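[1] how would this look folded up:
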Amino acid sequence: MKKPLLFKLLTIGLLRLLLLIPLAMIGNSIDERKAYSEQVVQDIAKSSSYSQTITGPLLVIPYIKTERIAYLNDKKERVFEEKEIKGNLYFLPELLRVDTDMNTELRKRGIYRAHLYHTHNLLDGHFSVPEQFGLGDALTHYQLQPAYIALGISDIRGIENALDLQWNQKTLTAEPGSHVNALGNGVHINVGDIEAAKKYSFSLPLQLQGTGHFNVIPLGKETHLELNSDWPHPSFIGDYLPVERSISSSGFSARWQTSFFSTNMSEVFSHCVNNRECNSFNEIQMGVNLIDPINQYVKSDRAIKYALLFIALTFAGFFLFEILK
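    Numbers count the residues shown, from 1 in each chain. Model (predicted):
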């Protein structure tokens, strides 16, 4: 290679490096503002409520079980001792319907903004309690206690109404705490004594505020979720996509439907309760994320990448021109 050509090649490489310096500075500034924007969203959510996930409702019947334990005494004689064990019977809904109307709200802090939502939810359906509570002849060893309905709500700060449950024509008031570790935060409603081989219907209005995305864990043997919103840019998330959806400039509507055959919820929930490994249970969700399609930071990042391309092409063309000349 001739020295003048080598000198030109080195000069072009140096100029490219010099031009990359301001691009790198601009890129760092974009990354800093993007990180601050995400921090602002988290701060707004922290002062109001985070994204929401509804889990339940779930019928819980506490019990005291009497067991006879055999052991050998000091005289090597076999004796029996009765021991009481406390636990819970769990029953998932036979049918769960969730009808949701979502209104969005824009909150700003300087040039940064976050999208909040307010949902009006109606949870209704029914439980079918099996004969002998599914225990068979072992029922005689169980002392069943008054039951309660447990409902998981990921961020209880977002509850905006007094929760009154319609339970077989009775109105019952909710109390804080789900009392079920698998559900996390939430509420519970005492429903009293439960009879075997009986159907119990329920209806619960729930007004909920959240930020970002909204999810439902389909606990029912058959679960239906209908969601209507004024947000025109939904991103459907979770393990199940809507079976029907309609999106327009004025908002969207979507409908989900699942069953035990598609979710394997009964087995997954039992594994969560018995082994305290609930990752698979918590991952079975369906819902929506309210995305912002006009993200200035994404557009700026793309502009930086195009600038790198233009610089490379410009100097490559100049170098090719010098060689051909």
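[2] Please count neighbours and contacts with C-alpha atoms only from this point.
    OK.
[3] List the buried residues of the longest strand along the chain.
    Ranked by residue count and defined by DSSP state E, the top strand of the chain is strand 52-72. Of the residues in strand 52-72, those with enough neighbours to count as buried (16 or more other CA atoms under 10 Å) are 52-65.
[4] what about the helices in the stretch 151-300 of the chain?
    Counting by DSSP state H, counting those that start in this stretch, the stretch 151-300 of the chain has helices at residues 260-263, 265-275, 279-283, 296-324.
[5] Please, where are all the strands along the stretch 151-300 of the chain?
    Counting by DSSP state E, counting those that start in this stretch, one finds strands in the stretch 151-300 of the chain at the ranges 164-167, 170-173, 175-176, 186-192, 198-211, 213-217, 222-229, 234-238, 244-248, 251-259, 286-290.
[6] how far does the first one sit from the chain's center?
    Mean C-alpha position of strand 164-167 versus that of the full chain (CA atoms, centre = their mean, to the nearest Å) differs by 25 Å.
[7] What is the neighbour count of residue 293?
    Residue neighbour count, defined by other CA atoms under 10 Å, stands at 10 for residue 293.
[8] Could you measure from it over to residue 234?
    Between residue 293 and residue 234 the computed distance is 10 Å (CA to CA, to the nearest Å).
[9] nearest to residue 214, of the helices of the stretch 151-300 of the chain?
    When these are ranked by distance to residue 214, counting by CA to CA, first place goes to helix 279-283 at 13.6 Å.
[10] related to what we said a few turns ago, against which helices or strands is the longest strand of the chain packed?
    strand 78-91, strand 142-144, strand 147-153, strand 198-211, strand 213-217 (3 or more CA pairs under 8 Å, 6 or more residues apart in numbering; DSSP states H and E).
[11] Next, the angle from that strand to strand 78-91.
    170 degrees (axes from the mean of the first three to the mean of the last three CA atoms, to 10 degrees).
[12] Only C-alpha atoms, please: export strand 52-72 in PDB.
    Coordinates of the C-alpha atoms in strand 52-72 are reproduced here as PDB (Å, rounded to 0.1, in the frame of the first residue of the first chain):
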ATOM      1  CA  GLN A  52     -52.100  -4.700  39.700                       C
ATOM      2  CA  THR A  53     -52.700  -8.500  39.600                       C
ATOM      3  CA  ILE A  54     -56.000 -10.000  40.800                       C
ATOM      4  CA  THR A  55     -55.900 -13.500  42.100                       C
ATOM      5  CA  GLY A  56     -59.000 -15.300  43.100                       C
ATOM      6  CA  PRO A  57     -61.500 -15.400  44.700                       C
ATOM      7  CA  LEU A  58     -60.700 -18.700  46.600                       C
ATOM      8  CA  LEU A  59     -62.900 -20.500  49.100                       C
ATOM      9  CA  VAL A  60     -60.900 -21.600  52.200                       C
ATOM     10  CA  ILE A  61     -62.300 -23.800  54.900                       C
ATOM     11  CA  PRO A  62     -60.000 -24.200  58.000                       C
ATOM     12  CA  TYR A  63     -60.000 -27.500  59.800                       C
ATOM     13  CA  ILE A  64     -58.600 -29.300  62.800                       C
ATOM     14  CA  LYS A  65     -57.800 -32.900  62.000                       C
ATOM     15  CA  THR A  66     -57.400 -35.600  64.700                       C
ATOM     16  CA  GLU A  67     -54.700 -38.200  64.000                       C
ATOM     17  CA  ARG A  68     -53.800 -41.300  66.000                       C
ATOM     18  CA  ILE A  69     -50.100 -41.800  66.300                       C
ATOM     19  CA  ALA A  70     -48.700 -45.200  67.500                       C
ATOM     20  CA  TYR A  71     -45.400 -45.400  69.400                       C
ATOM     21  CA  LEU A  72     -43.600 -47.800  71.900                       C
END
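[13] Report the angle between that strand and strand 213-217.
    Following the same axes, to 10 degrees, one obtains 40 degrees for the angle between strand 52-72 and strand 213-217.
[14] Of the strands of the stretch 151-300 of the chain, which is nearest residue 135?
    Relative to residue 135, the nearest member of the strands of the stretch 151-300 of the chain by CA to CA is strand 198-211, separated by 15.0 Å.
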